[in-house]
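Chemist: Turn this into a model:
(2 chains)
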Amino acid sequence: MSSDVMAIQSAVAAGRPWTEVLHEWVTTVNHKRLGVLYILYALFFLVIGGIEAIIMRIQLMHPHNDFVSPQVFNRMFTMHGTTMIFFVAMPILFGFANYLVPLMIGARDMAFPRLNAFSFWLTAFGGLLLYFSFLGGSGLYGAGNAPDVGWWAYAPLASRAFSPGHSSDYWTISLLVSGFGSIGTAINIIATIISMRCPGMKLSRMPLLAWLNLVMSGMVLLAITPLSAAQLMLLVDRYLGGHFFDTQAGGSATLWMHFFWIFGHPEVYVLIIPCFAFVSEIIPVFSRKPIFGYPVMVGATVCIAFVSMSVWAHHMFTIGMNSYANSFFTITTMAVGVPTGIKIFNWLGTMWGGKIQFKTPMLFCIGFLFQFLIAGLTGIMLASSPFDWQLSGSYFVVAHFHYVIVGGILFALFGAFYYWYPKITGRMLNERLGKLHFWMFLIGFHLTFDLMHIPGLLGMPRRIYTYEPGRGWDTLNFLVTIGAFIQGIATLVFVANLVISYFKGAKAGNDPWDAWTLEWSVSSPPPAYNFASIPTVASRRPLWDLKHPEDPDSRYE
Amino acid sequence: MACLIIAEAAIFTIFVVAYIYYVGKSLSGPTPGKVLETPIFYTICLLSSSLTIHFAGKLLERGRQGAFLLFWLLTIALGALFLYGTGQEWHRLIYEHGLTISTNLFGTTYYSLVGLHAFHVSAGLIMLSIVVLFGIAGRVGPEQSARIDVLSMYWHFVDAVWVVVFTVVYVLGR
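Modeler: Sure thing, here's the model as predicted:
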């Protein structure tokens, strides 16, 4: 195996046939290559999911627009949601975890490299299966089209009676398959972190990114599986005449909702916790201070993991649960904001008194802090069930969760890209293009999602394909769409940066950011075997100890 | 394997919850009290197979490969017997009482839960049989003890799930 992970360049330079390079990538079990495969896969689907969003926004730009039919619009919001959650966010976060966790804990690879590859390909084929529904649909008589039941596929809409054809089956089976892939990767991450840390790296000396991915993987084991179970039940209903969610036979459509949200709520914490991890690595480096309150950060994350398993029915306040249930879930939902708030204070505490460098990764992390806070606050507003009774199923909710996902998760991801791209490829991303990307995306994001709260408050429901004029929604929807286009252009700037810098970017050394965790001790990109000899660490910042032998962290920990 | 067991436990929990939620709620058709017969013998078979697999592992650690293979085969036989018992019971339920997965809520939840468990037993038997093949070829020695332990963990998990399913379906649910 070549010593250069980004073998394409050197392979082409060495005149190796492209078929050989392709074969190496397709059959790889190396965690770095699989990480890159996950990330590239997710970026591809990010663009596709973004196009689906743009199609919806164009349709909603004017009242009574007829850019797409209602049936196509239903497919768009279903596919947009499903794609972004399962084939963008999950893979990209698993990709970063795959790449970084072994490097950060001083290991040569993950615990189960072949399981790693298998999990990736399960996820990849799941996505292809989902999108095959567009083709497998029209043209084949009676086989249906892309799923159009919303990404929650509520019963009884998803049952045989109301979704004839196979579109819902594509949704069910593709997610079942990729769900097994996610479970495989989670098992791998846990096993790697528990048993493959380098000498001296006690759990209390592990980088926060490793800790948070450990917590996230534990949550995946308990969160994805209820969805798999529910989907098996849905298949039994659709194909074997079962009655799990069949109200005519005494079954309960609400049971699907419970099972789905028992998955769905911890799932969003699964998505955000690795982003907390990125921010926890980037902010200290660009504030030139160690993270404030490391043990509390770990404790708060574990708290979030536990409490988030108990909040799921805040997605179901409007279905008519009794007031004891509503109160319970209101209380737990508000409670989960407390450890999250503690983390925000700790990030601010890290920046306080530090020497802040406003490079692109840091800009995105500062955006994250501000936006995640606001998103959390609208979440607390929605946690109150009476408030939610007015706003459930409205654009206020859509604005809230996009604020978290785009303003929080995506911003943290962009930061992670700018921070670790030099390590993965050996080149720096262009700083000017990076700042252009940041400011454009920021303006577009706020134009879209700040304004989007208002139509929600004014009563605009979600998932509608058009609306009446004169309700005060018209101008707002128009501006929201403009913001979406600005974000689209900013994303294209980002993609251009990724591509151009790969060929023309400044060469990054081992450690372009003067950082402190083990991945910066090896070359950029790292050799296939990661470390020439397994390091021994004595503190949370091993590279600080190496660079400052007169004042090592080990003296203070 | 511990992580896989945690994940699988969550899947089974959801099916058990669905079963419990729908107990007594079938609108028509056969009910548990009327048609279920407690499978005591076959349950004893499955639980004994946990014992035999435990002994097999201990024998392998001490290098007694022949005895290990014997107990391992016994485990497979007991597991297969359990599956036979399940099949027999299902045959009776379907042909004598007309209970299928689509009959009513009881049918749906019962066959799904017991069927999911039986699927996991079958998958376990396949894995155990692969070990038999390696064992007969003389390639399973004390050095493979750790792997045998991991597989045994899975088998014990399958047993533990049956304890729960048995209690919920045949004891509490009637």
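
Chemist: tally of neighbours for A:Q248?
Modeler: 10 (other C-beta atoms under 10 Å in any protein chain shown). Glycine gets a C-beta too; all of them are placed from N, C-alpha and C.

Chemist: Taking chain A, what residue is nearest to chain B?
Modeler: Closest contact between chain A and chain B, by C-beta to the nearest C-beta, is at A:G241 (2.8 Å).

Chemist: Now name the helix or strand holding the closest residue to that residue other than its chain neighbours.
Modeler: Computed as C-beta to C-beta, 6 or more residues apart in numbering or on different chains, the closest residue to A:G241 that is not its neighbour in sequence is B:S102, at 2.8 Å. For B:S102, there is no host helix or strand (DSSP states H and E).

Chemist: Against A:Q487, how distant is B:S102?
Modeler: 48 Å (C-beta to C-beta, to the nearest Å).

Chemist: Ok, B:G107 next?
Modeler: Distance of B:G107 to A:Q487, given as C-beta to C-beta: 51 Å.

Chemist: B:S102 and A:Q487: which is more packed in?
Modeler: Of the pair B:S102 and A:Q487, A:Q487 is the one with more neighbours under other C-beta under 10 Å, namely 24 against 17.

Chemist: Is the more buried one in contact with A:H446, as I believe?
Modeler: No - A:Q487 is beyond contact range of A:H446, at 10.0 Å (criterion: C-beta atoms under 8 Å).

Chemist: Any idea which residue is closest to the centre of chain B?
Modeler: B:V121 (4.3 Å; C-alpha atoms, centre = their mean).

Chemist: Which helix or strand contains that one?
Modeler: helix B:105-136.

Chemist: following that helix, which helix or strand comes up?
Modeler: Beyond helix B:105-136 in the direction of the C-terminus, DSSP H and E gives the next helix or strand as helix B:145-166.

Chemist: List of residues touching that following helix?
Modeler: B:1-2, B:4-5, B:8-9, B:12, B:16, B:39, B:43, B:46-47, B:49-50, B:53-54, B:56-57, B:60-61, B:75, B:79, B:113-114, B:117, B:120-121, B:124, B:127-128, B:131, B:140 (C-beta atoms under 8 Å, 6 or more residues apart in numbering or on different chains).

Chemist: what about burial for those residues, which qualify?
Modeler: For these, a burial check counting by 16 or more other C-beta atoms under 10 Å in any protein chain shown picks out B:4-5, B:8-9, B:12, B:16, B:39, B:43, B:46-47, B:49-50, B:53-54, B:56-57, B:60, B:75, B:79, B:113-114, B:117, B:120-121, B:124, B:128, B:131, B:140.

Chemist: Keep only those that also lie close to chain A.
Modeler: Restricting those to those near chain A by C-beta under 8 Å from any C-beta of the partner chain leaves B:L4, B:E8.

Chemist: and the end-to-end length of stretch A:76-91?
Modeler: 21 Å (C-alpha to C-alpha, to the nearest Å).

Chemist: Might you name the residue of chain B sitting closest to chain A?
Modeler: Counting by C-beta to the nearest C-beta, chain B gets nearest chain A through B:S102, at 2.8 Å.

Chemist: so what's that residue scoring on pLDDT?
Modeler: Here, the pLDDT recorded for B:S102 equals 91.

Chemist: Now that it has come up, it's in contact with A:G242, right?
Modeler: Yes - between B:S102 and A:G242 there is a contact under C-beta under 8 Å: 6.2 Å.

Chemist: who touches both of those two?
Modeler: B:T108.

Chemist: Next up, phi/psi of the residue of chain B closest to chain A, please.
Modeler: The phi/psi pair for B:S102 (degrees, to the nearest 10) reads phi -100, psi 0.

Chemist: do you know how far it is from A:S163?
Modeler: From B:S102 to A:S163 the distance is 18 Å (C-beta to C-beta).

Chemist: quick one: buried residues of the host helix or strand of A:G136?
Modeler: Assigned by DSSP H and E, A:G136 belongs to helix A:113-137. By neighbour count on 16+ other C-beta under 10 Å, the buried set for helix A:113-137 is A:113, A:115-120, A:122-124, A:126-127, A:129-131, A:133, A:136-137.

Chemist: That helix and chain B in contact?
Modeler: No - for helix A:113-137, no contact with chain B is found by C-beta under 8 Å from any C-beta; the gap never falls below 10.3 Å.

Chemist: need the residues of chain A near chain B, please.
Modeler: Going by C-beta under 8 Å from any C-beta, the residues of chain A near chain B are A:183, A:186-187, A:190-191, A:217, A:221-222, A:224-226, A:228-230, A:232-233, A:236-237, A:240-244, A:249-252, A:255, A:259, A:262.

Chemist: Inside helices: which ones of those?
Modeler: A:183, A:186-187, A:190-191, A:217, A:221-222, A:224-226, A:228-230, A:232-233, A:236-237, A:255, A:259, A:262 (DSSP state H).

Chemist: Need the three-state assignment for A:R471.
Modeler: coil (DSSP: H, G, I helix; E, B strand; the rest coil).

Chemist: Could you tell me how many residues sit around it?
Modeler: 12.

Chemist: Now it: closest residue in space that isn't a chain neighbour?
Modeler: A:L458 (6.7 Å).

Chemist: helices or strands up against the strand or helix carrying B:L83?
Modeler: Assessed by DSSP H and E, B:L83 sits inside helix B:65-97. Counting contacts by 3 or more C-beta pairs under 8 Å, 6 or more residues apart in numbering or on different chains; DSSP states H and E, helix B:65-97 packs against helix B:32-35, helix B:40-61, helix B:105-136.
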